[in-house]
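Colleague: Generate a structure from the sequence data that follows.
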Amino acid sequence: MKSIGKYFIFLGSLFVNRESFKTYLRLIIDESILVGVNSIFIVAIVSTFMGAVTAVQSAYNLVSPLIEDYIIGTLVRDMTVLELAPTVIAIVFAGKVGSSISSGLGTMRITEQIDALEVMGINSASYLVLPKIISAVIMYPLLVSLAMFLSIYGGYIAGTLTNILTEQEYIYGIRLDFNPFTVKFALIKSVVFAFLISSISAYKGFFTKGGALEVGIASTNAVTNSCIAILLADYLLAELLL
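Modeller: As a prediction, the model looks like this:
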């Protein structure tokens with residue numbers, strides 16, 4: 001409970017004694033490149049193979065002659081949009097971006113760079129952390145949208161190249177009984193996940209104590225706690241919105 005309270009106090013300190021809008025705009029653009037653009041490659045690889053594996057395994061399990069082949073496309077679409085794209089990519093995002101945020105802030109803490117900012121009268125939490133959270137909240141939904149497209153396309157490639165089903169059957173399955181709210185639900189989850197990953201990782205890194213060993217420990221704890229928060233938020237959002 002003490003850590004949770006300290007975490008919320010930390011979030012509140014982000015909005016006190018803020019810098020100018022122009023300063024934040026420059027920092028957000030820089031962080032968006034680090035958080036979003038540099039994560040495109042790993043997201044593309046993971047999501048494409050995720051869709052391909054989902055299509056192949058769905059075909060392997062659907063052995064009944066009463067089930068049409070186009071259902072594979074529907075399964076890939078629903079599993080990707082509802083769960084795989086926002087949640088699995090969030091775990092990857094936590095491992096790459098979350099650990100980077102935590103280790104970067106932890107290194108600044110042990111080398112007294114954060115203390116130097118505070119001596120100059122700058123709110124170091126707001127200056128260093130708020131742009132990271134905003135950029136993560138902006139960029140991660142875009143990464144999830146890319147992951148949804150590439151995952152469905154990966155299922156299309158795997159399904160058609162291995163002759164599991166035809167192109168027409170896969171596209172028909174994707175369009176069958178499509179509910180637009182599932183995309184909105186995925187984007188809502190992505191915003192929540194991005195906030196949790198960035199804020200928890202920043203919290204762990206900002207309050208690092210000790211030396212280089214503690215920076216590694218803080219980075220590991222940031223990823224672990226982010227993953228737990230993602231799974232809890234995933235369950236709560238499913239209960240509330242579905």
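Colleague: what about the residue lying farthest from the centre of the chain, distance to G73?
Modeller: Distance from the C-alpha centroid of the chain peaks at P65, with 38.5 Å (CA atoms, centre = their mean). Distance, P65 to G73, using CB to CB, to the nearest Å: 18 Å. Every residue, glycine included, has its C-beta placed from N, CA and C.
Colleague: Equivalent analysis for S39, please.
Modeller: 27 Å.
Colleague: Roughly how far does I164 sit from L237?
Modeller: Taking CB to CB, one finds I164 at 32 Å from L237.
Colleague: cool, V81 as well?
Modeller: Applying CB to CB to V81 and L237 gives a distance of 14 Å.
Colleague: More neighbours: those two, which one.
Modeller: The neighbour comparison of V81 against L237 (other CB atoms under 10 Å) goes to V81, with 22 against 16.
Colleague: how about the nearest residue to the more buried one, chain neighbours excluded?
Modeller: T182 (4.8 Å; CB to CB, 6 or more residues apart in numbering).
Colleague: now swap in F178 and tell me
Modeller: Closest to F178 by CB to CB, 6+ apart is R77, at 7.4 Å.
Colleague: quick one: that neighbour from E169, how far?
Modeller: Applying CB to CB to R77 and E169 gives a distance of 13 Å.
Colleague: what about these two, which has more around it?
Modeller: A side-by-side neighbour count of R77 and E169, using other CB under 10 Å, places R77 first with 24 against 18.
Colleague: about what we covered before: next, count neighbours for the residue nearest to V81.
Modeller: Other residues close to T182 by other CB under 10 Å number 16.
Colleague: Enumerate every residue touching it.
Modeller: D78, V81, L82 (CB atoms under 8 Å, 6 or more residues apart in numbering).
Colleague: What distance do you get for it to P86?
Modeller: 10 Å.
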